[in-house]
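S.K.: The following comprises the amino acid sequence and a computationally predicted model.
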Amino acid sequence: MDFQRRGVMLVIASPSGAGKSSISRSLFQQDPNIRLSVSVTTRARRSDEVDGTHYHFIDVPTFKRMQAEDGLLESAEVHGNYYGTPRAQVEEQLAAGNDILFDVDYQGTLQLYEKCRHDMVTVFILPPTIEELRARLERRAQDSVGTIEKRLRNARIELDHAGEYEYVIINRDLEQSVQNVRSILAAARLKRERQVNFASFIIDLQSQIDSL
Ligand SMILES: Nc1ncnc2c1ncn2[C@@H]1O[C@H](COP(=O)(O)OP(=O)(O)OP(=O)(O)O)[C@@H](O)[C@H]1O
Ligand SMILES: Nc1nc2c(ncn2[C@@H]2O[C@H](COP(=O)(O)O)[C@@H](O)[C@H]2O)c(=O)[nH]1
């Protein structure tokens, strides 16, 4: 039995600074079968970010044009900037059996759920405490004091949506969190194989019975 499995959409969300990008990066390094969905954003590039790798950095008119041309699978305004998932390649990658990791906020998760719920597994990452969340945002040292305050306030809204996710992880130890997400993805892959492969296999067994 060797059927092509459709890829899984692994959606990870959290309050800003809880650690989803760190988890995603580590997961990506450990698992060659994962592709990262590289979003477009109108946010300014941080000093440690590479255009085309972390995000596609674009201006507002380009973002609006992509939206108008239906080039974004989902899009949202987050912390005062626009973000979106380019539609191109998502379907192609899934059909080729590649799993795709999406780092999006709760608005993006809801939009993806409307369109792709059968392909998705969703994970919400919590910080151990709000003091630690603030400390992580400060240690990251990529945002102004005002931006950090805005992201901490917005964490309240993001946390309102934690219950909408299938899995919730408290990110205390980074490596443990990565292992937890890997287990979730492994379970989602098995479920997908069961859905797709065994359905075909059972039809094949039945046709063998029919020709007895
Ligand atoms: N388990 C952890 N323990 C300690 N520090 C962590 C842990 N996980 C992540 N960090 C650190 O916290 C900071 C924020 O992490 P990261 O950028 O991954 O958060 P994020 O959830 O992706 O934030 P954003 O939504 O703003 O992109 C980084 O400096 C990262 O190194
Ligand atoms: N709805 C979407 N949200 C996205 C997308 N890409 C990132 N994000 C979320 O934005 C915030 C801030 O990210 P940062 O890189 O500026 O710190 C975070 O919650 C991301 O998950 C997207 O394509 N769509």
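M.R.: Perfect, thanks for sending it. Ligands and ions are numbered 1, 2, ... in the order given.

S.K.: Give me the contact list for the helix or strand that contains residue 155.
M.R.: Taking DSSP states H and E as the criterion, the element that holds residue 155 is helix 145-160. Contacts of helix 145-160 from elsewhere in the structure, counted by Cβ atoms under 8 Å, 6 or more residues apart in numbering, are 13-17, 78-80, 105-106, 126, 130, 133-134, 137-138, 143. Any C-beta I mention is one placed from the backbone N, CA and C, and that applies to glycine too.

S.K.: mind redoing it with 7 Å?
M.R.: When contacts are defined by Cβ atoms under 7 Å, 6 or more residues apart in numbering, helix 145-160 is touched by residues 15-17, 79, 105-106, 133-134, 137-138, 143.

S.K.: Keep only those that also lie close to ligand 1.
M.R.: Contacts with ligand 1 are made by 16-17 out of those, judged by Cβ under 6 Å from any ligand atom.

S.K.: Which of the contacts of helix 145-160 fall in helices?
M.R.: For the contacts of helix 145-160, membership in helices holds for 106, 133-134, 137-138, with DSSP state H as the criterion.

S.K.: that's a helix at residue 48, yeah?
M.R.: No: the assignment for residue 48 by DSSP: H, G, I helix; E, B strand; the rest coil gives coil, which leaves it out of any helix.

S.K.: Find the nearest non-adjacent residue to it, please.
M.R.: Nearest-residue entry for residue 48: residue 142, 7.0 Å, with adjacent residues in sequence omitted and distances by Cβ to Cβ, 6 or more residues apart in numbering.
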